[in-house]
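Undergrad: Here is my input, please return the structure:
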Amino acid sequence: MAENREYLVQAQENGNILISEEVIASIAALAVREVEGVYGLSTSTNFDIANILGKKNLRKGIRVTFNDDEIVIACNLVVRMGSTVMTVAKNVQEAISNEVASMTGNRPARVNVNVCGVAVPKPPVKK
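TA: Presented below is the predicted three-dimensional model:
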């Protein structure tokens, strides 16, 4: 196993199941992408368009920690201009919580959403 990774441990009859924090971050990132009004995730709490993550690096905008048997998830969110910030943030919390619970069997104790910016979507390129 990796040296610096943390794992969610689920004891089973035949042994333990270990789920890494990276797997949970990936699940959360996929859930965020499905929420209406999300522009993207950011690597930092300071809004800078250069810090907006592409599809391959989304999980870097999500931080997962384990406190005993609790999962705590934090994400830095950029909301699409014209969306209601509180509604988008609440929908992100619910989407992450539901998806992580569905895929791991453990509901996060907390999902902290830091809205660090609002961005205007790029207009589609005309061909």
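Undergrad: Which helix or strand in the protein has the lowest average pLDDT?
TA: strand 7-12 (a mean of 84; mean pLDDT, DSSP states H and E).
Undergrad: what's the offset of that strand from the middle of its chain?
TA: 21 Å (CA atoms, centre = their mean, to the nearest Å).
Undergrad: So in that sheet, which strands flank that strand, and in what orientation?
TA: strand 15-20 (antiparallel) (DSSP bridges).
Undergrad: Report the mean confidence score over the strand it pairs with.
TA: Strand 15-20 comes out with an average pLDDT of 90.
Undergrad: these two touch, right, Val85 and Gly117?
TA: No: if you go by CB atoms under 8 Å, Val85 and Gly117 don't touch, sitting 10.2 Å apart. All C-beta spots, glycine's among them, are computed from the backbone N, C-alpha and C.
Undergrad: for this protein, what spans make up the strands?
TA: In the chain, strands defined by DSSP state E lie at 7-12, 15-20, 38-41, 62-67, 70-80, 110-119, listed in chain order.
Undergrad: could you dump those strands to TSV with distance to Asn98 and mean neighbour count?
TA: As requested, those are exported to TSV (distance: least, CB to CB, whole Å; neighbours: other CB atoms under 10 Å):
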stretch	distance to Asn98	mean neighbour count
strand 7-12	17	12
strand 15-20	17	13
strand 38-41	15	21
strand 62-67	15	17
strand 70-80	12	21
strand 110-119	10	17
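Undergrad: Make CSV out of those and add distance to Val32.
TA: Converted to CSV, the strands of the chain look like this (distance: least, CB to CB, whole Å):
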stretch, distance to Val32
strand 7-12, 19
strand 15-20, 19
strand 38-41, 6
strand 62-67, 8
strand 70-80, 6
strand 110-119, 9
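Undergrad: Check these for me: which has the lowest mean pLDDT.
TA: Among those, strand 7-12 scores lowest, with a mean of 84.
Undergrad: what residues does that strand touch?
TA: 1, 16-21, 24, 66, 69, 71, 104-106 (CB atoms under 8 Å, 6 or more residues apart in numbering).
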